[in-house]
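Peer 1: When you get a sec, could you give me coordinates for this:
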Amino acid sequence: MLKPKILTADDDPDILDILRIVLTEAGFDIIEAHDGEQALELAKTKSPNLIILDCKMPKIDGRQVCAELRKDILLQHVPIIMVTGKGEVTDKVAGLEAGADDYIVKPFEPKELIARVKMVLRRTSRELDANPLTKLPGNVSIFDELQSRLDKQNLFAVGYLDLDKFKAYNDKYGFEHGDDVIKETARIIIKAIKTKGNTDDFIGHIGGDDFVFVTTPERVDGICKKIIQDFDETAPKFYNEDDRKKGYIMAKDRKGIEQKIPLISLSIGVVTNEAHKINHVAEISEIGAELKEHAKSLERSNYIKDQRK
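Peer 2: Numbering: from 1, shown residues only. As a prediction, the model looks like this:
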């Protein structure tokens, strides 16, 4: 089982040392930042399970870091514990108002710190069924959302999306770069929903490079076209200059045969209940998987809508 990752941010190296020793002994993996700017960067690239922020740091203070993280849909659910000086009530209040989940006062007792960390992580895991990489809602939330749409008996459109040639990319560039592609894909979907969708549309992360979004039939074409346009503009940036110019990489296919693999694209299968009644969540996912496979056969970013009567 993977250890939870905790990002600690403080400009005092002694405090960072104490946090590292205490948290490592308690079974956590530690990432360290020495100022607010670095904390923001590491939060975006390392996907921590929890962040411990000193309230007063150079460049960007803890409250500003907290406020910025709460604006980012991929990071807004990461729990934050703010560290304040003894008796600095205004810092505690400001931290909580900026979105911190809890605070601890320096100098702190190691046992109290661990208790607070475990409490916040427990509370967060109960409240949020989220994918650990993108922080988007996971499978339980996806099922609940689809069931809710079925129960309301309103018209809906469900998009099932995944990446094409992603395994070959991972094999050549490594999982860390692969994770960056997945996170950027999530941002592209979120942007498309914000600009082309409804305020109550839903986005979920099934796992790996598989995503789902739920909208209404009249909005789904615009969303799919926006996702494809933005992804195809961004995809070449995932590659080095040589591969970008060639337009392909040399990699083994699923049969183990080395060949030219085109740059990453994406496929979307769209399920709607416009033309026929859908009774079960399983029916939505089965149709979506079938449509997505058909879209994949087209060898470029594309989307296929359910046209059956």
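Peer 1: For the chain, which segments are assigned as strands?
Peer 2: 5-9, 29-33, 50-54, 80-85, 102-106, 157-164, 202-207, 210-215, 248-252, 258-262, 265-272, 302-305 (DSSP state E).
Peer 1: most tightly surrounded among these?
Peer 2: Mean neighbours per residue, mean count of other C-beta atoms under 10 Å, is largest over the strands of the chain for strand 50-54, with a mean of 26. For glycine as for every other residue, the C-beta is placed from the backbone atoms N, C-alpha and C.
Peer 1: next one: it to chain centre, how far?
Peer 2: On the basis of C-alpha atoms, centre = their mean, to the nearest Å, strand 50-54 sits 19 Å off its chain's mean C-alpha point.
Peer 1: and it, what does it pack onto?
Peer 2: In terms of contacts (3 or more C-beta pairs under 8 Å, 6 or more residues apart in numbering; DSSP states H and E), strand 50-54 is packed against strand 5-9, helix 36-46, helix 62-71, strand 80-85, helix 110-127.
Peer 1: Select, out of those, the one closest to residue 233.
Peer 2: Closest of the helices and strands packed on strand 50-54 to residue 233 is helix 36-46, at 20.6 Å (criterion: C-beta to C-beta).
Peer 1: Identify each buried residue in that closest one, please.
Peer 2: 36, 37, 38, 39, 40, 42, 43 (16 or more other C-beta atoms under 10 Å).
Peer 1: Wait, the fourth one touches residue 64, no?
Peer 2: Same thing as residue 39. No. Using C-beta atoms under 8 Å, residue 39 is not in contact with residue 64; the gap is 10.0 Å.
Peer 1: follow-up on the earlier one: adding distance to residue 124, write the strands of the chain out as TSV.
Peer 2: Below are these laid out as TSV (distance: least, C-beta to C-beta, whole Å):
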stretch	distance to residue 124
strand 5-9	12
strand 29-33	17
strand 50-54	8
strand 80-85	10
strand 102-106	11
strand 157-164	26
strand 202-207	16
strand 210-215	22
strand 248-252	38
strand 258-262	39
strand 265-272	30
strand 302-305	34
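Peer 1: Now mean pLDDT and distance to residue 172 too, for those strands, in TSV please.
Peer 2: Formatted as TSV, those follow (pLDDT from 0 to 100; distance: least, C-beta to C-beta, whole Å):
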stretch	mean pLDDT	distance to residue 172
strand 5-9	95	26
strand 29-33	96	26
strand 50-54	94	32
strand 80-85	88	36
strand 102-106	87	42
strand 157-164	96	14
strand 202-207	94	22
strand 210-215	97	21
strand 248-252	87	5
strand 258-262	90	9
strand 265-272	96	16
strand 302-305	95	24
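Peer 1: Include distance to residue 301 when you put the helices and strands packed on strand 50-54 into a markdown table, please.
Peer 2: Output for the helices and strands packed on strand 50-54, formatted as a markdown table (distance: least, C-beta to C-beta, whole Å):
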| stretch | distance to residue 301 |
| --- | --- |
| strand 5-9 | 33 |
| helix 36-46 | 25 |
| helix 62-71 | 29 |
| strand 80-85 | 36 |
| helix 110-127 | 35 |
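Peer 1: Out of those, the one nearest residue 286 is which?
Peer 2: With C-beta to C-beta as the measure, helix 110-127 is the member of these nearest residue 286 (29.7 Å).
Peer 1: Residue 169 is in contact with residue 179, isn't it?
Peer 2: No. Using C-beta under 8 Å, residue 169 is not in contact with residue 179; the gap is 11.4 Å.
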